[in-house]
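Q: Fold the stuff below for me.
(chains A, B, C and D)
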Protein chains: 2
Amino acid sequence: MTRVTSTQVAKLAGVSRTTVSFVLNEVPGMGISEETRERVLMAARQLGYVPNALARSLVTGATKTVALLLPHGDHVHIDVDAYIPRFVAGLSLTCHTSGYKVLLEPVAESNRPGAFVDLVDSGRIDGLIVLNPRHIDEAYLYELAGNGFPLVVFGSNLPEQHGICRIGVDNREAARRATAHLIGLGHERIAHIGFASDDYQVVRDRLLGYRQALEEHGIGERAGWIGYGNYSAQSGYEAMRAMLERAPGMTALFAGNDTIAFGALAALREAGLRTPEDVAVVGYDDIPLAAFACPALTTMRTDPFKEGNDAAATLLRVIGGGPPEETSVMEVAPLIVRQSCGAHLR
Amino acid sequence: MTRVTSTQVAKLAGVSRTTVSFVLNEVPGMGISEETRERVLMAARQLGYVPNALARSLVTGATKTVALLLPHGDHVHIDVDAYIPRFVAGLSLTCHTSGYKVLLEPVAESNRPGAFVDLVDSGRIDGLIVLNPRHIDEAYLYELAGNGFPLVVFGSNLPEQHGICRIGVDNREAARRATAHLIGLGHERIAHIGFASDDYQVVRDRLLGYRQALEEHGIGERAGWIGYGNYSAQSGYEAMRAMLERAPGMTALFAGNDTIAFGALAALREAGLRTPEDVAVVGYDDIPLAAFACPALTTMRTDPFKEGNDAAATLLRVIGGGPPEETSVMEVAPLIVRQSCGAHLR
DNA sequence: TTGTATGCGTTATCAA
DNA sequence: TTGATAACGCATACAA
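A: Residues are numbered from 1 along each chain as shown, chains lettered A, B, ... in the order given. Alright, predicted model coming up:
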């Protein structure tokens, strides 16, 4: 691993390191003669010179790197939730297109609050995107934002006061609409399987939206019809089974995400209940496999790829010194109606 | 963003920067008095001092960062293939546990060959993990390995000569077994839907394994029963439909991965064919949703999380100066038998 | 036991 | 038009 430095390029080209730097960085107004320029370029190419990113960053103060903080670094999450990979793909594309590297920083449940602050303080990154931050980390985010560090929080409804740049979809409204769709079909006995952890705001929002829809239509909530899983199909399966045991009789289910819905569908099938005739099901996310569930899953569409794009674009804007427009709520995507919710009840 | 430097810590503690460095890095045999030690630690804590990673790396020559090269950075891939996120999760966990950061480096189809070499030459990373490298990138990998750069290639059967540290599962053997299972059930009219791109070795290996199984049992191959998709369920659906149109009559399908299998199952259902009675189906990967397909999908298990772990562990060993054991083939995981392949034909 | 001096590979300021 | 020279923040050989 013999590394080529600008000194060697300078030597070969017969100029100083300064000149090399000027030429390679195309510093304007330096009036470098075309001939020296050529010589330097030749030498650089010949030696396969690539500037040392660390040295450059040290002096420029910019690392051209951003980090993505992901909840649930433990595999439990990434394992089963189809949302995150697509978000990452979108974010990554936008960053790389702008010449930024992406550092993947999973946040395990066991991480002490604010563990990510060291990453910032060590000067490795120019900005930070946080997906679905934990409650216990919020104070540290406020602090970073307060210090003017470029920061974008995605998918959380943090209070507005703290000058944090937030972006996201209104999960509550989306969940409300999904539930309302079932109500519109004539359902009143609507169950919900959400997430067990309420460490995360988005997670709570979907439950809130569900409740709001019921309330708006004067439908009382029934505790037995609210179940909890993690993000997995298996947990959806188990939650549905448990629910059928303790409080059967629902005619519809709003699942917290599509994988949960897959599990629930299996449990219903196993219990001899038909979907949508006996129990209609609506999911959330429209993962690529949703259309291939049986029956094909009705679900709230999300566009994680685009959301990743937007989150990255917003961060890059802030890094570039743009105005930190505090909050931007993306439009709620449409409900994709397929077979699993059936037609109007009568 | 006012950053704290070791100079400030030194000033506050009333010592030199050297002493600060010694204390904080716990350099052995430096005989620092317990009292100065305390003072330095206090000062560092009080100021919230975090060493600048760039400056440190510049002088130590180690960045404590590795990069993961991912094929198909375009969302098409990450979008639909459940394998990669789990691999990333495993890799990421192992790296972080050892104090290494992970840089995500997608390789888009459009990338010029060897684009990743700049990343190495710029000194940003201590090692590189390449998942399913493209053929056109191989020469550059040989070069890096030849220069002694820590490099682990996962999931490819590169020729052995080049001193590259390779690790992976024998996809061909796994595919052979999956196909043989169908043959063992009495099937002879077995179709296969694989991947359209043969840029990647793993992709070709599964087709080879399928062919090998047929051959070993004296079953002739039928061109019409080999279809191609990308990684998506949609493509599996389309490939299956096309195949049913041009060459119906197969009694079994070996799908190149589980998402393709999901699509194929839907196409079969739509065509009025029952699974497994009319057409048995075997997938590949055992993604978390495989057990919740209908019927539940028989599939070759892979353990991407563990594979990510192993790849990372191997790389870290090489970075640590360990012997670059050239090739290590992981054991082929078992076939998970569920409902989609049914019982013996008669 | 602690401090001084030097180097890592850049960029950037200033003379020349 | 180009070349010394000083940072950037840290680690470390060497001196005291």
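
Q: CA atoms only: put the helix or strand containing A:A242 into PDB for me.
A: Following DSSP states H and E, one finds A:A242 within helix A:233-246. C-alpha atoms of helix A:233-246 as PDB (Å, rounded to 0.1, in the frame of the first residue of the first chain):
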ATOM      1  CA  ALA A 233     -44.600 -11.000  10.300                       C
ATOM      2  CA  GLN A 234     -44.200 -13.600  13.000                       C
ATOM      3  CA  SER A 235     -45.200 -11.000  15.600                       C
ATOM      4  CA  GLY A 236     -48.200 -10.100  13.500                       C
ATOM      5  CA  TYR A 237     -49.100 -13.700  13.300                       C
ATOM      6  CA  GLU A 238     -48.900 -14.200  17.100                       C
ATOM      7  CA  ALA A 239     -50.700 -11.000  17.900                       C
ATOM      8  CA  MET A 240     -53.600 -11.900  15.600                       C
ATOM      9  CA  ARG A 241     -53.800 -15.400  17.100                       C
ATOM     10  CA  ALA A 242     -53.900 -14.000  20.600                       C
ATOM     11  CA  MET A 243     -56.500 -11.500  19.600                       C
ATOM     12  CA  LEU A 244     -58.700 -14.100  18.000                       C
ATOM     13  CA  GLU A 245     -58.600 -16.000  21.200                       C
ATOM     14  CA  ARG A 246     -59.300 -13.200  23.600                       C
END
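
Q: Following element in sequence after it, please.
A: Past helix A:233-246, the next helix or strand by DSSP H and E is strand A:252-255.

Q: For that next one, which helices and strands make contact with it?
A: Counting contacts by 3 or more CB pairs under 8 Å, 6 or more residues apart in numbering or on different chains; DSSP states H and E, strand A:252-255 is packed against helix A:171-184, strand A:190-195, helix A:258-270, strand A:280-285. Placement of C-beta: from N, CA and C, glycine included.

Q: can we see that at 10 Å?
A: Where contact means 3 or more CB pairs under 10 Å, 6 or more residues apart in numbering or on different chains; DSSP states H and E, strand A:252-255 is packed against helix A:171-184, strand A:190-195, helix A:201-216, strand A:226-229, helix A:233-246, helix A:258-270, strand A:280-285.

Q: list the contacts for whatever residue of the stretch 151-300 of chain A ends up closest to DNA strand D?
A: Per CB to the nearest atom of the strand, A:L151 is where the stretch 151-300 of chain A lies closest to DNA strand D, at 20.5 Å. A:L151 is in contact with A:69, A:120, A:127-130, A:141-142, A:144-145, A:163-166, A:315, A:318-319, A:324, counting by CB atoms under 10 Å, 6 or more residues apart in numbering or on different chains.

Q: per-residue confidence for A:S33?
A: At A:S33, the model reports a pLDDT of 84.

Q: And the helices in the stretch 51-200 of chain A, which stretches?
A: A:53-60, A:75-80, A:83-97, A:117-121, A:138-146, A:171-184 (DSSP state H, counting those that start in this stretch).

Q: So which elements touch the first one?
A: Which is helix A:53-60. Using 3+ CB pairs under 10 Å, 6+ apart as the contact test, the elements touching helix A:53-60 are helix B:53-60, helix B:117-121.

Q: Tell me the spacing between A:N132 and DNA strand C.
A: 37 Å (CB to the nearest atom of the strand, to the nearest Å).

Q: so that residue makes contact with A:F154?
A: Yes. Using CB atoms under 10 Å, A:N132 is in contact with A:F154, at 7.2 Å.

Q: The two: who's more crowded?
A: Neighbours of A:N132 and A:F154, each counted by other CB atoms under 10 Å in any protein chain shown, are more numerous for A:F154; the result is 27 against 22.

Q: so which helix or strand takes in whichever residue of chain A sits closest to DNA strand D?
A: Taking CB to the nearest atom of the strand, DNA strand D has its nearest neighbour within chain A at A:G31, 2.8 Å off. Using DSSP H and E, A:G31 falls within no helix or strand.

Q: ok, back up a step: lowest average pLDDT across the helices of the stretch 51-200 of chain A?
A: helix A:75-80 (a mean of 44).

Q: so what's the nearest residue in space to A:Y140 that is not next to it in sequence up against?
A: Spatially, and ignoring its direct neighbours in sequence, A:Y140 is nearest to A:G114 (3.5 Å; CB to CB, 6 or more residues apart in numbering or on different chains). Applying CB under 10 Å, 6+ apart to A:G114 gives the contacts A:I136, A:D137, A:E138, A:A139, A:Y140, A:L141, A:E143, A:L144.

Q: Closest one of the residues you listed to A:S6?
A: Distances from A:S6 to these, taken as CB to CB, are shortest for A:L144 (34.2 Å).

Q: how near is the nearest residue to the closest one once chain neighbours are set aside to B:Y200?
A: Distances taken as CB to CB, 6+ apart place A:L151 nearest to A:L144, at 5.4 Å, with adjacent residues excluded. Remark: distance between A:L151 and B:Y200 (CB to CB, to the nearest Å) = 37 Å.

Q: Can you name the residues of the stretch 51-200 of chain A sitting close to DNA strand C?
A: Residues of the stretch 51-200 of chain A lying near DNA strand C by CB under 7 Å from any atom of the strand: A:P51, A:N52, A:A55, A:R56, A:L58, A:V59, A:T60.

Q: Of these, which is the nearest to B:T19?
A: Of these, the one sitting nearest to B:T19 (CB to CB) turns out to be A:L58, at 22.7 Å.

Q: ok, the closest one - how many residues close by?
A: A:L58 is flanked by 17 other residues according to other CB under 10 Å.

Q: Where does pLDDT dip in chain A?
A: Under the criterion pLDDT under 70, the flagged ranges of chain A are A:72-81, A:157-163, A:198-199, A:326, A:346.

Q: Could you chop it up by domain?
A: A:6-60, A:65-169+A:304-329, A:171-301+A:334-345 (automatic domain parsing).

Q: want to throw those into TSV with distance to B:A242?
A: Formatted as TSV, the domains of chain A follow (distance: least, CB to CB, whole Å):
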stretch	distance to B:A242
domain A:6-60	47
domain A:65-169+A:304-329	26
domain A:171-301+A:334-345	17
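
Q: dump the residue contacts of A:G249.
A: Applying CB under 10 Å, 6+ apart to A:G249 gives the contacts A:R189, A:A191, A:R222, A:G224, A:W225, A:V279.

Q: what does the stretch 201-346 of chain A put close to chain B?
A: Contact residues, the stretch 201-346 of chain A versus chain B (CB under 10 Å from any CB of the partner chain): A:231-234, A:236-237, A:258-259, A:261-267, A:269, A:287-296, A:304-306, A:308-309.

Q: Mark which of those are buried, thanks.
A: Buried members of those, counted by 16 or more other CB atoms under 10 Å in any protein chain shown: A:231-234, A:236-237, A:258-259, A:261-267, A:287-295, A:304-305, A:308-309.

Q: first to last residue in stretch A:11-21, what's the distance?
A: Chord length of stretch A:11-21, first to last residue, is 13 Å (CA to CA, to the nearest Å).

Q: quick one: that stretch near chain B?
A: No. Stretch A:11-21 lies out of reach of chain B by CB under 10 Å from any CB, never closer than 15.2 Å.

Q: How far off centre is that stretch?
A: 45 Å (CA atoms, centre = their mean, to the nearest Å).

Q: Which residue, neighbours along the chain excluded, lies closest to the residue in the stretch 101-250 of chain A that chain B sits nearest to?
A: Using CB to the nearest CB, the single residue of the stretch 101-250 of chain A nearest to chain B is A:D121, 3.6 Å away. Excluding the flanking residues, the one nearest A:D121 by CB to CB, 6+ apart is B:V50, at 3.6 Å.
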